[in-house]
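Engineer: pasting the sequence and the predicted coordinates here, then a few questions.
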Amino acid sequence: MTNKVSGDLFIIGGNEDKDGDMEILSTFIKDTKTREGTIGILTTPTGYPDEVGGEYRDIFMKLGAQKVELLHIDTRPKAEESVFLEKIHTLSALFMTGGDQNRLSSIIGGTSFFKGIQKAWNEGMIIAGTSAGAAIMSRHMIVSGKTKANHEKSNLEMGVGFGFLEDVVIDQHFSQRARFGRLLHAIAQNPQIIGVGIDENTAVWVREGGRYFEVIGEHSVTVIDGCKLSFVDIAEKAESEEVTITGVQLHSLAKGYRFDLETRQLIMKEKRTTR
């Protein structure tokens, strides 16, 4: 794996706690204090930018952030405007809201604003995203996909994300929306990548230049690795869109566990010795 991450990434499975101890958002804000600057909230994914962005701004200020600014970019021409490009240089962190990852990709992808945040991230800026803002983090991105919980057939559509993680595909609201099947389909089609399914109110905190991530939050993270799978057959008949796959490696990680993205292995916790 050849991730070249400079800044930390907070990839949140959606529906994170905003009323209780707010572990995920608190950890994010604490991490941002290691750098000077403003926290920018990118509201592009949502159709309610003032409401959604305003809620996060209030939460971040409550958690101790010194300065927070909303970035309402809803067209590609706006993503080329100098006023937004200049703001990038003032940011310690960027937070991407939930909504529609396809909207985020189509409006921001490939623009001067995207190139600016990519450069800033390579220089240490922290980037966080929830739900759609999480899905966009990887190079391979799930745009949509019906699940067995609501439909008889799977209909997976893949796109291109922001590429902060090269050999990974992210899925969010994972257990709550029964998305195991669609992530498995994504890995069957792209066995060289790692599938990371993140539950709600749960996040992966990507650290140390992208070498590993740590699970934080309430629930668990599912990792599907098809690199060493021995057989895969995706049916293409009209009456069935099932997949036959064997040899895939499955990991389920609870809070506090770490996963090495280079070796694709669980990082075991050190055992405490008692005297």
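Structural biologist: Alright, I've got the coordinates. Just so you know, these numbers come straight off a predicted model, no measurement behind them. Residues are numbered from 1 along each chain as shown.
Engineer: for the lowest-mean-pLDDT helix or strand in the chain, packing partners?
Structural biologist: Ranked by mean pLDDT, DSSP states H and E, the helix or strand of the chain with the weakest confidence is strand 138-146, at a mean of 82. Judged by 3 or more Cβ pairs under 8 Å, 6 or more residues apart in numbering; DSSP states H and E, strand 138-146 is in contact with helix 101-108, strand 155-160, strand 165-172, helix 180-189. No exception for glycine: its C-beta is placed from N, CA and C like everyone else's.
Engineer: just how off-centre is it within its chain?
Structural biologist: 11 Å (Cα atoms, centre = their mean, to the nearest Å).
Engineer: excluding chain neighbours, give the residue nearest to Ile193 in space.
Structural biologist: In this structure, Ile193 finds its nearest non-sequential neighbour in Asp167, 5.0 Å apart by Cβ to Cβ, 6 or more residues apart in numbering.
Engineer: distance of the one you found from Lys18?
Structural biologist: With distances taken as Cβ to Cβ, to the nearest Å, Asp167 is found 32 Å from Lys18.
Engineer: which one's more surrounded, those two?
Structural biologist: Using other Cβ atoms under 10 Å, the more surrounded residue of Asp167 and Lys18 is Asp167, with 18 against 14.
Engineer: just the pLDDT for the more buried one.
Structural biologist: On pLDDT, Asp167 comes in at 91.
Engineer: touching, it and Ile194? I think so.
Structural biologist: Yes - counting by Cβ atoms under 8 Å, Asp167 touches Ile194, with 6.2 Å between them.
Engineer: what angle do helix 180-189 and the least confident helix or strand of the chain make with each other?
Structural biologist: 130 degrees (axes from the mean of the first three to the mean of the last three Cα atoms, to 10 degrees).
Engineer: center of the chain - which residue?
Structural biologist: In the chain, the residue lying closest to the centroid (Cα atoms, centre = their mean) is Ala134, at 2.6 Å.
Engineer: flag every buried residue along stretch 253-273.
Structural biologist: 253, 257-259, 261, 264 (16 or more other Cβ atoms under 10 Å).
Engineer: save the residues you listed as TSV, and put in pLDDT too.
Structural biologist: What follows is the buried residues of stretch 253-273, written out as TSV (pLDDT from 0 to 100):
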residue	pLDDT
Leu253	97
Tyr257	97
Arg258	97
Phe259	97
Leu261	94
Arg264	95
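Engineer: which of those residues lies closest to Ser112?
Structural biologist: Leu261 (29.2 Å; Cβ to Cβ).
Engineer: contacts only, for the closest one.
Structural biologist: 1, 3, 165, 167-168, 194, 206, 210-213 (Cβ atoms under 8 Å, 6 or more residues apart in numbering).
Engineer: closest to Met268 out of those?
Structural biologist: Among the contacts of Leu261, and counting by Cβ to Cβ, the member closest to Met268 is Tyr212, at 12.1 Å.
Engineer: hmm, that closest one is touching Leu266, no?
Structural biologist: No - using Cβ under 8 Å, Tyr212 is not in contact with Leu266; the gap is 10.0 Å.
Engineer: show me which helix runs longest in the chain.
Structural biologist: helix 49-62 (DSSP state H).
Engineer: so what does the helix or strand that comes right after that helix touch, helix or strand wise?
Structural biologist: Proceeding N to C from helix 49-62, the next assigned helix or strand is strand 68-71, under DSSP states H and E. On a contact count with 3+ Cβ pairs under 8 Å, 6+ apart, strand 68-71 meets strand 38-42, helix 49-62, helix 82-88.
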